[in-house]
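Novice: predicted model, plus sequence, below.
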Amino acid sequence: MQPSDVLVGLDIGTTKVSAVIGEYDENDQLQIIGVGTAPSTGLRRGVVVNIEATLKSVDAAVEAAEQMAGREVQNVVTGIAGGHIEGLNSRGVVAVTGRGREITRTDVDRVIDAAKAVVIPMDREVIHVIPQEYIVDEQGGIKNPLDMIGVRLEAEVHIITGSVTSAQNLVKCVNRAGFKVESIVLESLASSRAVLTREEQELGVLLIDLGGGTTDMLVHIDGAPYYTSVLPVGGAQVTNDLSIMLKTPMEAAERIKREAGCCYAPMVEEGEPVIIPGVGGRPPLQAKRSDIANIIQPRMAEILTMVRDKVQKKGYLKRLFGGVVLTGGGALMPGAVELAQEVFHTAARVGMPGNYHGVADIYRSPEYSTAVGLALFAEEAMGHETREPSVKPKSGGMLTGLRGWLRNFFE
Ligand SMILES: Nc1ncnc2c1ncn2[C@@H]1O[C@H](COP(=O)(O)OP(=O)(O)OP(=O)(O)O)[C@@H](O)[C@H]1O
Ligand SMILES: [Mg+2]
């Protein structure tokens with residue numbers, strides 16, 4: 001296999017690890033040339049708790065993607081999530097000093113540095129600093145202040161921080177599997193890049209990633225992130241409820257959930273039967289699909305309501321003119337859109353990666369949103385000009401702040 005500078009997204013999730021290999025063709029179109037996935041057992045609620053198990057999953061997922069692509073992977077962009085993630089908004093101000101008071105790249109870098117200068121506890125590090133808007137002499141709403149003339153330059157930014165040790169454990173797993181981490185990206189930011197339209201982000205949209213161990217939320221307004229949070233609950237709780245209520249092992253409950261689950265009871269026909277496998281010599285039982293929906297719906301509604309309450313508390317609920325976009329494996333559950341519409345009183349849809357040509361359509365599922373988004377970020381991480389029209393400070397756009405502490409530990 002030939003090594004190359006392919007774009008590799010590695011999503012280390014609580015349920016599965018997925019690797020997506022992308023490449024731009026001669027027409028500048030992204031092609032997905034390899035997709036690999038492996039079950040994940042080394043994480044709890046989005047955080048690595050077992051290095052050995054996680055590195056095995058990483059190894060298996062990347063190898064499967066390499067086989068499909070016929071390319072060898074060296075560098076990857078990996079995602080981070082978990083209850084330790086926090087987002088905050090900050091503002092910086094500088095005087096424009098250059099000749100003719102024309103705003104230069106250096107002024108933009110200085111104002112971002114000023115906005116970044118907030119007190120962050122020792123055990124946390126900055127993962128992203130994302131400009132929301134620039135203000136030049138009281139004139140706000142500026143996306144690109146370069147070359148404008150002004151005396152005072154202000155920047156409003158969204159800063160995302162996470163636990164240093166959680167990130168280091170992620171890097172360690174990837175290194176031990178034999179790959180170098182180019183960059184770490186917040187998982188919901190990666191999913192956003194893969195599934196949200198520019199119009200939605202401008203209008204105001206809430207992305208909800210319904211994962212196995214975490215539920216991630218990210219609010220975009222006027223084209224930039226304003227609110228980030230990660231709930232340490234997810235689809236595993238739904239499976240757990242089914243397992244207890246139906247008195248069946250987790251594996252059987254998971255299968256019933258995927259094959260017969262629905263989280264919006266009005267969608268289920270009365271009397272549709274579902275077989276519950278027997279356990280410990282007990283014969284199989286028959287349940288009604290509506291009974292299953294009645295177990296799933298309250299838990300899914302609880303998770304979505306927790307998201308709504310958090311977003312409402314920050315005052316962003318009434319700014320979601322672009323609606324709610326659901327992604328992650330949980331978005332495959334029938335009724336998820338209907339339930340979200342009821343909880344949020346707004347339009348909702350399922351978000352999945354767009355059409356990128358290349359291999360079979362396996363990546364076109366909400367389960368692959370994060371991995372595809374990470375591959376899109378890989379372009380920026382590898383130092384290429386991104387195709388995203390954003391104003392990037394010299395130090396690496398959204399990936400700024402990270403390089404100082406992202407150390408690869410090869411052993
Ligand atoms: N067809 C389906 N119907 C309902 N739920 C599903 C379906 N397919 C997958 N899920 C659920 O989606 C969840 C896994 O989603 P996903 O693959 O996005 O998680 P992950 O990325 O591994 O985890 P996390 O992001 O929380 O670390 C599991 O709880 C699984 O039961
Ligand atoms: Mg995930």
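Specialist: Noted; the coordinates are in hand. Numbering: from 1, shown residues only. Ligands and ions are numbered 1, 2, ... in the order given.
Novice: spell out which parts of the protein neighbour ligand 1.
Specialist: Contact residues (CB under 6 Å from any ligand atom) of the chain with ligand 1: 13-16, 40, 46, 81, 211-214, 234-236, 239, 254, 257-258, 261, 328-330, 332-333, 367. Using the backbone N, CA and C atoms, a C-beta is placed for each residue, glycine as well.
Novice: can we see that at 5 Å?
Specialist: Residues of the chain lying close to ligand 1 (CB under 5 Å from any ligand atom) are 13-16, 46, 211-214, 234-235, 258, 328-330, 332-333, 367.
Novice: so which of those residues sit within helices?
Specialist: Judged by DSSP state H, the residues of the chain next to ligand 1 include Gly235, Arg258 as members of helices.
Novice: show the buried residues in the residues of the chain next to ligand 1.
Specialist: 13-16, 46, 211-214, 234-235, 328-330, 332-333, 367 (16 or more other CB atoms under 10 Å).
Novice: distance of the nearest residue to Asp5 once chain neighbours are set aside from Lys257?
Specialist: Nearest residue to Asp5 in three dimensions, chain neighbours excluded: Met382, at 6.3 Å (CB to CB, 6 or more residues apart in numbering). Met382 sits 39 Å away from Lys257, going by CB to CB, to the nearest Å.
Novice: the two: which has the busier surroundings?
Specialist: Taking other CB atoms under 10 Å, Met382 and Lys257 do not tie; Lys257 has more neighbours (22 against 15).
Novice: distance of Val8 from ligand 1?
Specialist: Relative to ligand 1, Val8 is positioned 17 Å away (CB to the nearest ligand atom, to the nearest Å).
Novice: which other helices and strands does the helix or strand containing that residue contact?
Specialist: Element membership of Val8 [criterion: DSSP states H and E] is strand 7-12. The contact analysis (3 or more CB pairs under 8 Å, 6 or more residues apart in numbering; DSSP states H and E) places strand 7-12 against strand 16-24, helix 51-69, strand 75-80, helix 164-176, helix 187-195, helix 369-381.
Novice: average pLDDT across that strand?
Specialist: Strand 7-12 comes out with an average pLDDT of 97.
Novice: equivalent analysis for stretch 177-189, please.
Specialist: 96.
Novice: repeat that for stretch 74-84.
Specialist: Averaging pLDDT along stretch 74-84 yields 95.
Novice: tabulate the CA atom coordinates of that stretch in CSV.
Specialist: What follows is stretch 74-84, C-alpha atoms only, in CSV (Å, rounded to 0.1, in the frame of the first residue of the first chain):
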residue,chain,number,x,y,z
GLN,A,74,0.0,7.7,9.1
ASN,A,75,-1.6,10.9,10.4
VAL,A,76,-5.2,11.2,11.7
VAL,A,77,-7.5,13.9,13.1
THR,A,78,-9.4,12.5,16.1
GLY,A,79,-12.4,13.7,18.0
ILE,A,80,-13.0,14.6,21.6
ALA,A,81,-16.2,14.6,23.7
GLY,A,82,-17.3,13.8,27.2
GLY,A,83,-18.8,15.6,30.1
HIS,A,84,-15.5,17.5,30.7
